[in-house]
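S.K.: Sequence plus predicted model, see below.
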Amino acid sequence: MSVLDKFKLDGQVAIVTGGASGLGKAMGKGLAEAGAHLVIADINLALAQETAAEFETETGNKALACKVDVTSQQDVSQMVAEVMETFGRIDILFNNAGINEHVKFEDMPYDRWVKNMDVNINSMVLVSQEVGKVMIKQQKGSIINTSSMSGIIVNTPQPQAAYNTSKGAVIMFTKSLASEWAEHGIRVNTIAPGYMKTELTKDYFAQGGDMIDTWMKFTPLGRPGVPEELQGAALYLASDASSFVTGSVVTIDGGYTAL
Ligand code: NAD
């Protein structure tokens, strides 16, 4: 098999949570271009349907839009049932949905803290357990979790203790699951992006000012990333090209964490 063949995902089925926009959409598109059928699992059904239609037109592979709040166990198990009914297998799970808030810790209401944890880390528990039942039966699967460089370093100057804490948990969750599920042929890795231009960050970039200047000053490449710059790593981790990779953190941050 040639090295390029190892990146092919022909006929495989990939679920991407938060796949309707931003990083999830771009990484999902990369998997679809490599041959995978995609499940766009997002709380925003209209946008998920738009994205699914775009993928089908552009790649010729199937794309299914599912309305899922990843913090709801009921939504998650319904989604997995629908995917199994439609495709009969799940090869790749991308736990990617996430939220971010800039709030001083002393002003952070506890329910907002819990919401951040629910969307950014507890959702990965719900979705991985449900999809894991399928992957364990298959004795094969690749799970990729979107963490952040915020799980490794503390970003400045914005106050975002909840976000940083949740992303640190994603990294440790990834390593723990990689260790537990290796015996089932399931690999688990995480991509830790730096500052990327998406819906999540567009207002910050639009405002500009000291915060953005600081972000760019500490990014050696001197610019934010664009979502398509994560596609190569996503495809690598999803495919057999990374067959000996599990429990790894792939940092894609323009050099931010090198400083
Ligand atoms: P985004 O806001 O553009 O996209 C997030 C997607 O998740 C949206 O489609 C949204 O509808 C969906 N979503 C939100 N809550 C959901 C829920 N409860 N259930 C299902 N879907 C839900 O954000 P993005 O920038 O593409 O971020 C994607 C991931 O990347 C997040 O985990 C984020 O923390 C992480 N990340 C982003 C950056 C960045 O600079 N943009 C950097 C590092 C990590």
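M.R.: That came through, no problem. Numbering: from 1, shown residues only.

S.K.: Hmm, G88 and Q138 touching each other?
M.R.: No: applying C-beta atoms under 8 Å as the test, Q138 and G88 come out as separate, 10.4 Å apart. Where you see a C-beta, it was placed from the backbone N, CA and C, and this is true even at glycine.

S.K.: Compare neighbour counts for those two and give me the winner.
M.R.: Applying other C-beta atoms under 10 Å to Q138 and G88 shows that Q138 carries more neighbours, namely 14 against 9.

S.K.: The nearest residue to D240 once chain neighbours are set aside: what's it in contact with?
M.R.: Using C-beta to C-beta, 6 or more residues apart in numbering and skipping residues adjacent in sequence, the residue nearest D240 is K6, 4.9 Å away. By C-beta atoms under 8 Å, 6 or more residues apart in numbering, the contact set of K6 is 239-241, 243.

S.K.: one more time with 7 Å, if that's ok
M.R.: When contacts are counted by C-beta atoms under 7 Å, 6 or more residues apart in numbering, K6 touches 239-241.

S.K.: If you rank the residues you listed by neighbours, which is first?
M.R.: Most neighbours among those, by other C-beta under 10 Å: S239, with 22 neighbours.

S.K.: I'd guessed it sits against D10; true?
M.R.: No: counting by C-beta atoms under 7 Å, S239 does not reach D10; the two are 10.5 Å apart.

S.K.: what is in contact with those two at once?
M.R.: Counting by C-beta under 7 Å, 6+ apart, nothing touches both S239 and D10.

S.K.: Next to the ligand, which bits of the protein? Give me the list.
M.R.: Within the chain, the positions adjacent to the ligand are 17-18, 20-24, 42-44, 68-71, 96-100, 119, 146, 148, 193, 195-196, 198-201 by C-beta under 6 Å from any ligand atom.

S.K.: Could you report the distance from L47 to F205?
M.R.: Going from L47 to F205 by C-beta to C-beta, to the nearest Å gives 20 Å.

S.K.: burial of D213, as a residue count?
M.R.: Using other C-beta under 10 Å, D213 has 11 other residues around it.

S.K.: Could you identify the helix or strand that succeeds the top strand by length along the chain?
M.R.: Assignment by DSSP state E gives strand 186-193 as the longest strand of the chain. The helix or strand immediately downstream of strand 186-193 is helix 199-207, counting by DSSP states H and E.

S.K.: Tell me what angle the very next helix or strand once past that following helix forms with helix 199-207.
M.R.: As assigned by DSSP H and E, the chain's next helix or strand after helix 199-207 is helix 210-217. Going by axes from the mean of the first three to the mean of the last three C-alpha atoms, to 10 degrees, helix 210-217 is angled at 110 degrees with respect to helix 199-207.

S.K.: how about helix 210-217: buried residues?
M.R.: Neighbour counts over helix 210-217 (16 or more other C-beta atoms under 10 Å) mark 211-212, 215-216 as buried.

S.K.: In JSON lines: those residues, plus pLDDT.
M.R.: Formatted as JSON lines, the buried residues of helix 210-217 follow (pLDDT from 0 to 100):
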{"residue": "M211", "pLDDT": "94"}
{"residue": "I212", "pLDDT": "96"}
{"residue": "W215", "pLDDT": "95"}
{"residue": "M216", "pLDDT": "96"}
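
S.K.: Can I get the residues you listed in a markdown table including distance to A162?
M.R.: Shown next, in a markdown table, are those (distance: C-beta to C-beta, whole Å):
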| residue | distance to A162 |
| --- | --- |
| M211 | 18 |
| I212 | 21 |
| W215 | 19 |
| M216 | 24 |
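
S.K.: ok, so of those, who is nearest the ligand?
M.R.: Nearest to the ligand among these is W215, at 9.4 Å by C-beta to the nearest ligand atom.

S.K.: Not counting sequence-adjacent ones, nearest residue to the closest one?
M.R.: Y195 (5.2 Å).
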